[in-house]
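> predicted model and sequence below, questions to follow.
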Amino acid sequence: MTVWNGESETQRGVYWPRVAAMVFVQILVLLALAVVVVRYLEWSSDANKAEFLSSAQPAVSDRNHLPQSSTSLEQVKARASCNRKVWWTGP
């Protein structure tokens, strides 16, 4: 009996070395893709972390425009509280 591709039934068989080679190549491709995905996730995480940390600190140009206090914290703490007369006492 002839098969559609021209081979007889007796010539057909399973070539286990070829099957094993194909499975091995597929496993290598999957491992390579897994490594690429993990590296990309690490890289993007590091990039996002660096961007986040740099945005938390003002830029050099922004630091020059920040108001500088001429009084120290100790001077502010030492000031006496205001004694203002209360005009409205409420209900």
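Structure received.

> got any ranges where the chain has weak pLDDT?
By pLDDT under 70, the weakly predicted segments of the chain are 1-11, 57-91.

> the longest helix in it is where?
Counting residues, the longest helix in the chain under DSSP state H turns out to be helix 16-56.

> any idea how far Asn48 lies from Val37?
16 Å (Cβ to Cβ, to the nearest Å). Just so you know, the C-beta spots here come from the backbone N, C-alpha and C atoms, and that holds for glycine as well.

> same thing with Ser54?
Using Cβ to Cβ, we find Ser54 at a distance of 26 Å from Val37.

> please apply the same query to Leu30.
11 Å.

> what of Ala20?
In terms of Cβ to Cβ, Ala20 sits 26 Å off from Val37.

> likewise Lys49?
Applying Cβ to Cβ to Lys49 and Val37 gives a distance of 19 Å.

> then Ala50?
Ala50 sits 21 Å away from Val37, going by Cβ to Cβ.

> again, but for Val25
Separation of Val25 from Val37 (Cβ to Cβ): 19 Å.

> again with Met22
Where Val37 is concerned, Met22 sits at a distance of 23 Å (Cβ to Cβ).

> cool, Arg12 as well?
39 Å.
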